[in-house]
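In: Give me coordinates for this.
(one chain, ligands or ions: 1)
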Amino acid sequence: MELESKEDYKCKHCNKLLFKGFLVRDGHIEIKCKHCKFINTFNINNKNNEATPKSN
Ligand SMILES: [Zn+2]
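Out: Alright, predicted model coming up:
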């Protein structure tokens with residue numbers, strides 16, 4: 001059981017892993033995928049610490 005929760009950030013277009021990490025600041029980031037050049041936007045919202053179930 002890990003104490004630190006790291007998120008996987010994957011490209012929404014080709015599903016390649018962009019990075020793993022733990023973002024502490026609120027806001028949003030944009031990451032351009034190296035593989036398909038799709039620009040992924042992730043909204044960081046650490047104020048609401050709600051558990052988002054990963055449904056796959
Ligand atoms: Zn991609």
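In: And the residue positioned nearest the centre of the chain, which helix or strand is it part of?
Out: Using Cα atoms, centre = their mean, the residue of the chain that lies closest to the mean C-alpha position is residue 9, 3.4 Å off. According to DSSP states H and E, residue 9 maps onto strand 7-10.
In: ok, the following helix or strand past that strand near the ion or not?
Out: For strand 7-10, the succeeding helix or strand toward the C-terminus, using DSSP H and E, is strand 17-21. No. Under the criterion of Cβ under 5 Å from the ion, the ion is not reached by strand 17-21; the shortest gap measures 7.9 Å. For the C-beta atoms, the positions are set from N, CA and C on the backbone; glycine is no exception.
In: Could you check how far strand 17-21 is from the centre of its chain?
Out: 7 Å (Cα atoms, centre = their mean, to the nearest Å).
In: on that earlier part again, skipping its backbone neighbours, what lies nearest the residue nearest to the centre of the chain in space?
Out: The shortest distance from residue 9 to any residue other than its chain neighbours is 4.7 Å, reached at residue 18 (Cβ to Cβ, 6 or more residues apart in numbering).
In: count of neighbours near the one you found?
Out: Neighbour count of residue 18, defined by other Cβ atoms under 10 Å: 17.
In: For it, report the pLDDT, please.
Out: For residue 18, the model assigns a pLDDT of 93.
In: That one: what's it in contact with?
Out: Neighbouring residues of residue 18 by Cβ atoms under 8 Å, 6 or more residues apart in numbering: 9, 10, 11, 31, 33, 40.
In: Among those residues, which one has the most neighbours?
Out: The most crowded member of those, judged by other Cβ under 10 Å, is residue 11 (19 neighbours).
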